[in-house]
Each structure stands twice: as structure tokens, then as C-alpha cells.
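K.L.:
the following comprises the amino acid sequence and a computationally predicted model.
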Amino acid sequence: MTAASERDPGLQPERTRLAWRRTTLAFTVAAVLAARQVAGGDLSTAGLVAVALSALVWLAFLRVAHWRVRALGAGPRPRVLSNRAALAAVACTIALAGFAVAMVV
């Protein structure tokens, strides 16, 4: 038997699933705050573009997070997060931060 087959995941998939949900909630709050900035009306054209792109990035992150949460609930041994999905999550996070800076400036 290999070390991987002996491993008992215990509650690790559940904790990871909850972490993805918390991160999604934080991402949603950031997107809502961006939308609120638009409602204030004192936003430049570049700021409006940044808000629109933030919404797209938010949707992309929701897709990655939903896929991961479903994969974690698929069985006792969930699949490892792919490099592509990890890169997408990181890119969404960095993009959202960049758009937030563009809205403020």
C-alpha cells in the first residue's frame, strides 16, 4: 500500500469546502462594494469599466469555486485541484484587486 491510499482524509474535504465558500462570500462582498461605488455616481469611465470587469471576474471565480466545491463533495477522495483551476482562482483574485485600485484612482 502506498502512503496516499493509507491516508484518511477525515474532515479535510469539509474544511476545504467551507474555505472555498468563505472565499466566495468575500469575493461577492467585494463585487457588491464595487457595484455600490457605481450607484454613488462619482465614477470615471475607467472606473465604470473596472466595475464591469470586476463583475466578469466575479462570475469566473464563482465558476471555479462551484466546480471545486462539487468536486470536494463527490466522494471520500476528491480530485486534486488542477493547476488550471488554481491559476484561474489566483488570476481572478489579482484581477479583482487591480480593478479595485482602478476604481479608486
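P.N.:
Yep, that arrived. Numbering: from 1, shown residues only.

K.L.:
element containing residue 60, please.
P.N.:
Assigned by DSSP states H and E, residue 60 belongs to helix 45-72.

K.L.:
now the residue positioned nearest the centre of the chain: closest residue in space, sequence neighbours ignored.
P.N.:
Centroid check for the chain by C-alpha atoms, centre = their mean gives residue 61 as the closest residue, at 3.9 Å. Once flanking residues are discounted, residue 61 sits nearest to residue 92: 4.1 Å by C-beta to C-beta, 6 or more residues apart in numbering. Quick note: C-beta positions are derived from backbone N, CA and C, even for glycine.

K.L.:
for the one you found, what are its contacts?
P.N.:
Residue 92 sits next to 27, 57-58, 60-61, 64 when contact means C-beta atoms under 8 Å, 6 or more residues apart in numbering.

K.L.:
go again with 7 Å.
P.N.:
Residues near residue 92 by C-beta atoms under 7 Å, 6 or more residues apart in numbering: 57, 60-61, 64.

K.L.:
now those residues: which count as buried?
P.N.:
For the contacts of residue 92, a neighbour count by 16 or more other C-beta atoms under 10 Å gives the buried set as 57, 60-61, 64.

K.L.:
can I get those residues in JSON lines including pLDDT?
P.N.:
Below are the buried ones among the contacts of residue 92 laid out as JSON lines (pLDDT from 0 to 100):
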{"residue": "57", "pLDDT": "92"}
{"residue": "60", "pLDDT": "93"}
{"residue": "61", "pLDDT": "93"}
{"residue": "64", "pLDDT": "92"}
